[in-house]
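Asker: Predicted model and sequence below, questions to follow.
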Amino acid sequence: MSQKNETLRLFLAAVVSVGLVFSGLWFLMERWAQINPTNSQQSNSSNQTKSNNSPTSTNNPTNECPSYFPQGIFNYGGSTTWAPIRKEVEPVLKNLCPQFGLRYTQPPSGNPGSGTGIQMLIDNQLAFSESSRSVKAEEHTQAQQKKFSLKEIPVAIDGIAIAVNPSLNIPGLTVAQLKDIYTGKITNWQEVDGSNLPITVYSRSKEAGGTVDFFIENVLKKDNFSTNINYVGTTTEALRKVAATPGGIYYASAPEVVPQCMIKSLPIGRTSNQLVLPYQKPLVTQSECPAKRNQLNTQAFRSGDYPITRNLFVIVKQNNQTDQQAGEAYANWLLTSQGQELIEKTGFVKIK
C-alpha cells in the first residue's frame, strides 16, 4: 500500500511539472505574440517613412542646385518686359543656388531695355542679358570686333496686345490696319468700321527697348512712326491715358495689357476674317474685374495663330569664360520644368 502511494505521488508530481512547463511556454508564446506585431509594425512604419522621404532628399531635382551653375555674383540686365519673370525667378534661384548671385544692373545712361542690355553686354558690363527681341546684325558685328559672339537662347513666348478704350466698338484690327494707324494713314476709327472718332495714338519712344524695336520691325515693316504719335514713358502711363481717351490706342507685351481692368484688348488678325482673341473666352467684363481677370490665349500664342508673337531671349556672350557659363546656366534652368512653370506663372507662355 505504501509503495502504491509513493508511485501515485511521483506520477502526480510529474503531471504537475509537465503542466507547469506547458503553462510557462504558453505564457511566453502569448507574450511574444503581443510584443512582436508592435515591433513589426514599427519596423514597417520606419521603412515606409524612409521610403517616402528618400525621393525628396535625394532624387527631387527641384530641391537641388544643378551642378552647371558657377559660383560668384553676376551682373545682368536688359528688357523691362522681363521684369515679372525676374521678380519670380530671382528668389527661387537664390534659395536653390545661393552660390550663384544675380545683380540686376541699370545702364550707365539712358533707360533699361533690350537694346541697352545688349550694348552693356558687348561693353563687358554684364555677364548676360535679357531681351524681348533678337540680336541685330550691327550688334553681332560689334561683338565680333570685341573677339566674341552673341548667342540668343529662347526661353518663353510673348505676344503684343493692342489696348483701346473700353467704349470703342470695333470687331478688331488686321496687322495692316494697325500699321496704317501707327504710320498715320488711318486717323479716324470710322475708317476701320468704328465710330466717327479721331484716333489718339500712344507709344513709348524708339529708345525705350525691345518691344518698340519689335513693333517697328515686324508690324511697321521698318516704316517710321507718324508725326501724330503721343510718346509716353511707361506702359502704366499709356494704359491710364487710353482709359481716359475714347479714341486711344496703345501696344505692349500681352501680360501687361490683357489682365487690365481699365482698358480692353482687341482681336488681331492677318486678315479681317481671321481675327484672333488675345484672351481666353468668355471675356471678363469691367464690372467683374478685378475679382476676375482676362487670361492670355496661350494656345493661340504658342501655335502662332495670334499674328504678333515673339520669343523672349537670354543673350549669352560666347567667350569661353565664366560669363558664358553663367548665362547658359541661367537659360538652361529657365528651360527646366520648374523654370517654365515660373515663366507661366508670370503670364508669359511656356516655350517647352
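Answerer: That came in fine, so what should we check first?
Asker: What segments of this protein are strands?
Answerer: According to DSSP state E, the chain carries its strands in the segments 72-78, 100-104, 128-131, 149-164, 173-174, 200-204, 230-232, 248-253, 264-265, 268-269, 275-276, 309-318, 349-350.
Asker: Comparing those, which comes out most buried?
Answerer: strand 128-131 (a mean of 29; mean count of other C-beta atoms under 10 Å). All C-beta spots, glycine's among them, are computed from the backbone N, C-alpha and C.
Asker: Outside of that strand itself, list whatever touches it.
Answerer: Contact with strand 128-131 is made by 74, 76-79, 82, 85-86, 114, 117-118, 120-121, 152, 210, 312-317, 323, 326-327, 330-331, as judged by C-beta atoms under 8 Å, 6 or more residues apart in numbering.
Asker: re earlier: quick check: which of the strands of the chain is nearest to Asn224?
Answerer: Asn224 sits nearest to strand 200-204 of all these, at 11.8 Å, using C-beta to C-beta.
Asker: what angle do that closest one and strand 248-253 make?
Answerer: Angle, strand 200-204 to strand 248-253, by axes from the mean of the first three to the mean of the last three C-alpha atoms, to 10 degrees: 30 degrees.
Asker: wait, what's in contact with Lys206?
Answerer: By C-beta under 8 Å, 6+ apart, the residues touching Lys206 are Val212, Asp213, Ile216, Phe225.
Asker: Most neighbours of all the residues you listed, which one?
Answerer: Across the contacts of Lys206, neighbour numbers were computed from other C-beta atoms under 10 Å; Val212 holds the maximum, 22 neighbours.
Asker: Let me know whether it touches Ser205 as I believe.
Answerer: Yes: Val212 is within contact range of Ser205, at 7.0 Å (criterion: C-beta atoms under 8 Å).
Asker: Next one: Ser203 from Leu197, what distance?
Answerer: Distance, Ser203 to Leu197, using C-beta to C-beta, to the nearest Å: 19 Å.
Asker: meant to ask about Asn188, not that
Answerer: From Asn188 to Leu197 the distance is 7 Å (C-beta to C-beta).
Asker: same thing with Gly184?
Answerer: 16 Å.
Asker: Kindly report the same for Ser131.
Answerer: From Ser131 to Leu197 the distance is 36 Å (C-beta to C-beta).
Asker: hang on, the earlier thing: and the contacts of Lys206, which is closest to Pro307?
Answerer: Ile216 (16.0 Å).
Asker: Tally up the residues packed near the spatially closest residue to the closest one that is not a sequence neighbour, please.
Answerer: The spatial neighbour of Ile216 that comes closest, neighbours along the chain excluded (C-beta to C-beta, 6 or more residues apart in numbering), is Lys222 at 6.3 Å. Lys222 sits with 7 neighbouring residues when counted by other C-beta under 10 Å.
Asker: before we move on, what about Met262?
Answerer: Neighbour number of Met262 under other C-beta under 10 Å is 14.
Asker: Show the contacting residues for it.
Answerer: When contacts are counted by C-beta under 8 Å, 6+ apart, Met262 is found next to Pro166, Leu239, Arg240, Val242, Ala243, Gln286.
Asker: my guess is the last one contacts Pro166, does it?
Answerer: Going back to what we said before, that points to Gln286. Yes: between Gln286 and Pro166 there is a contact under C-beta under 8 Å: 5.9 Å.
Asker: what separates the residue lying closest to Val232 once chain neighbours are set aside from Val257, distance-wise?
Answerer: If the residues on either side of it in the chain are set aside, Val232 comes closest to Ala238, at 4.4 Å by C-beta to C-beta, 6+ apart. With distances taken as C-beta to C-beta, Ala238 is found 10 Å from Val257.
Asker: Give the residues shared as contacts by those two.
Answerer: Ala163, Tyr250.
Asker: who's more crowded, Gln286 and Pro166?
Answerer: Higher neighbour count among Gln286 and Pro166: Pro166, with 15 against 11, using other C-beta under 10 Å.
Asker: Tell me which residues touch that one, please.
Answerer: So Pro166 contacts Ala243, Met262, Ile263, Lys264, Gln286 (C-beta under 8 Å, 6+ apart).
Asker: Adding distance to Asp158 as columns, could you present those residues in a markdown table?
Answerer: Shown next, in a markdown table, are these (distance: C-beta to C-beta, whole Å):
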| residue | distance to Asp158 |
| --- | --- |
| Ala243 | 23 |
| Met262 | 21 |
| Ile263 | 18 |
| Lys264 | 19 |
| Gln286 | 25 |
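Asker: where's the dip in pLDDT among those?
Answerer: The lowest pLDDT within these belongs to Gln286, with 89.
Asker: Would you map the helices across the stretch 101-250 of the chain?
Answerer: For the stretch 101-250 of the chain, helices defined by DSSP state H, counting those that start in this stretch occupy the ranges 114-122, 137-145, 175-182, 210-218, 235-244.
Asker: want to throw the ones you listed into CSV with distance to Tyr250?
Answerer: CSV is the format used below for these (distance: least, C-beta to C-beta, whole Å):
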stretch, distance to Tyr250
helix 114-122, 19
helix 137-145, 27
helix 175-182, 10
helix 210-218, 11
helix 235-244, 4
